[in-house]
Structures are given as structure tokens and as C-alpha cells.
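Asker: sequence unavailable; structure follows:
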Ligand SMILES: Nc1ncnc2c1ncn2[C@@H]1O[C@H](COP(=O)(O)OP(=O)(O)OP(=O)(O)O)[C@@H](O)[C@H]1O
């Protein structure tokens, strides 16, 4: 789906997937980079035979040691790179490049400093050729969803780091992607802003149920947000961990013994 519909913010994103099929599927995915030239050329294997399925509406995090291939995996799903082996299928189609069905939020905000909040959120809709009135309506809806209505005419430089992050999320969601890919989106923020945005993200996700793949270094963040956690270690899928906590998440969970137990289990991989 592109941003060519005016579905309400409470409607889950429509997906092209058939019943019972995962929306995102990785099968035997290998990724190797060549470094150096001539005799010094070396092949550096980053992902090896990685396979998993992610159902429509799931929230899945990817954790693992630094350099373990998390961002590489996300870029493959986004279509920003092509695997050297195996394949990634989204909505029944093998990924061969970026597409409007997949929205990406990076650690660094991809928002335009000269555009107001409203015009940043409208950017993708302009590119998709949506008429002005529909753009305005849709932007207002998503600005409201992320709680920035009062700031719609502000420029990014007038916003805090957390608010900028919300603009980036609204701008991506306004295009109505079937899949939301997030690469350490809260990594550069202080702890309290981060915790607040985690709750905001869950609130938004619970309203729209967009299938989300979330890369993070932070085990607590992954446990608090996700249905499942994929652990990538040494380029392989070391564990597909089912998070045992109910939804909606209780903020008290962060202090509880259960999360500590799960954290120490996952800590072993990092
Ligand atoms: N374009 C590239 N060319 C060569 N090597 C690359 C390229 N992109 C990534 N790599 C290598 O792939 C490995 C995995 O990188 P990646 O960024 O996917 O890891 P990560 O798990 O996201 O790490 P971090 O947690 O530190 O962000 C690293 O060793 C990195 O140097």
C-alpha cells in the first residue's frame, strides 16, 4: 500500500499476505561483503543461513552483539541491499529493492530541517501524488496520533529529540506501510525520553498493528516492546525468543523479577 488511501488511524495497515503465511519470511539468508582488492580481497560473511517468519501484526525485535548483522538484516528487509544467498519475501513478493510497503525509521532522524512538522509528514504523500486536501487531512491524523498537533507548524529545530523522533514515525506511518522497520530509533535519546517513547510506540502500534521489526542494543527495550526477539550472534540466528509478557504492557514490568530473568537469559548472547 502506498499513501493513496485515507484509512483512519485506527485501521490496521492492509497487507497482501495470505492467511496463515508469514508477512515477512527470510529463507537461508546469507550476506557477505567483499573488502580489499586484488590479493588482499577478503570475503566477510555477516549473515549465514538466517531463516524466520514474522506474522502480520507482530512486533519483533532483533538483538545481538555489536557487528552481529542486525542493521544488515534490516537493510535486506528494507531492500537497501540484496542478500548474497537465500531470499527475503514480504507480502508474498521477493524483496528486490525498497518499496512503499516498507517504511524505515533510522537512529538519525530523516526529517527535513526546512519543513515544518506538518510538511515533513506530508512529504511522502506529496511524492505519492495525493491531492492537497487529502494530504492535509492525513497528515493531521498522524500528527495527532503521535501527539504533536500543537506543534504542527514548528520547524524541527524548535523540537526536542523525542519530538523529532515522533515526527519521523508519523511521516513513515502516514504512507501506510505494511511493515515498519526501525533501526535503533531511540538509541540517541536519554533514558527517560526513551522509556516514554517506548510507551508511545506501543500505544501507536496497538492502534494500528503495523508489523514491526525493531533493531536495538537494549535487551529491556526489546523485552518491553516485542512479541518475539530474534537473537543474531556470529551471523546466525541464535534464538527466536517468545516474550512471555501480556499486553498492554504494564510499566511496572520494567522493575519486575520476570523481566530480570528474561534479561539474564538473553544477556548470555551479548
Ligand atoms: N557495506 C559494507 N561493507 C563491508 N562490510 C560491511 C558493510 N556493512 C556492514 N558491514 C560489516 O558487517 C558487519 C555487521 O554490521 P551491522 O551493522 O549489520 O551490525 P550490527 O549488529 O547492526 O552492529 P551494531 O550493533 O554495532 O550497530 C560488521 O562487521 C560490518 O563491518
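Answerer: On my side now, so go ahead. This is a predicted model, so every value here is computed, not measured. Numbers count the residues shown, from 1 in each chain.
Asker: burial of residue 35, as a residue count?
Answerer: Residues lying near residue 35 (other C-beta atoms under 10 Å) number 10. C-beta coordinates here come from the backbone N, C-alpha and C atoms, glycine included.
Asker: let me know the pLDDT of it.
Answerer: We have a pLDDT of 84 for residue 35.
Asker: residue 42 is in contact with that one, correct?
Answerer: Yes. Under the criterion of C-beta atoms under 8 Å, residue 35 makes contact with residue 42 at 5.4 Å.
Asker: the one helix or strand residue 47 maps to near the ligand anywhere?
Answerer: Per DSSP states H and E, residue 47 falls inside strand 42-54. Yes. Judged by C-beta under 6 Å from any ligand atom, strand 42-54 and the ligand are in contact via 44, 46.
Asker: likewise for stretch 65-82?
Answerer: Yes. With C-beta under 6 Å from any ligand atom as the measure, stretch 65-82 is seen reaching the ligand through 66, 67, 68, 69, 70, 71, 72.
Asker: neighbour count and secondary structure added to those residues, as a markdown table?
Answerer: Output for these, formatted as a markdown table (neighbours: other C-beta atoms under 10 Å; DSSP: H, G, I helix; E, B strand; the rest coil):
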| residue | neighbour count | secondary structure |
| --- | --- | --- |
| 66 | 7 | coil |
| 67 | 11 | coil |
| 68 | 22 | coil |
| 69 | 24 | coil |
| 70 | 24 | helix |
| 71 | 18 | helix |
| 72 | 21 | helix |
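Asker: the ligand versus the residue of the chain most remote from its centre, what's the distance?
Answerer: Outermost residue of the chain with respect to the C-alpha centroid, by C-alpha atoms, centre = their mean, is residue 39; its distance is 39.0 Å. In this structure, residue 39 and the ligand are 18 Å apart, going by C-beta to the nearest ligand atom, to the nearest Å.
Asker: make sure I have this right: that residue is in a strand.
Answerer: No. Judged by DSSP: H, G, I helix; E, B strand; the rest coil, residue 39 forms no part of a strand; its state is helix.
Asker: mind checking pLDDT for it?
Answerer: In this model, residue 39 carries a pLDDT of 79.
Asker: 4 is where my numbering starts, stick with that
Answerer: All set: I'll call the first residue 4, so the last point we hit is now residue 42.
Asker: that older thread, which of the residues of stretch 68-85 next to the ligand lies closest to residue 180?
Answerer: For those, the closest approach to residue 180 (C-beta to C-beta) belongs to residue 74, at 18.6 Å.
Asker: wait, isn't the closest one in contact with residue 219?
Answerer: No. With contact defined as C-beta under 8 Å, residue 74 does not reach residue 219; the gap is 11.1 Å.
Asker: residue 247: neighbour count?
Answerer: Residue 247: 10 neighbours (other C-beta under 10 Å).
Asker: point out where the chain drops to low pLDDT.
Answerer: For the chain, the stretches with pLDDT under 70 are 4-23.
Asker: now the longest helix along it: buried residues?
Answerer: Secondary structure of the chain read by DSSP state H shows that its longest helix is helix 194-211. In terms of neighbour count (16 or more other C-beta atoms under 10 Å), helix 194-211 has its buried residues at 196, 197, 198, 200, 201, 203, 204, 205, 207, 208, 211.
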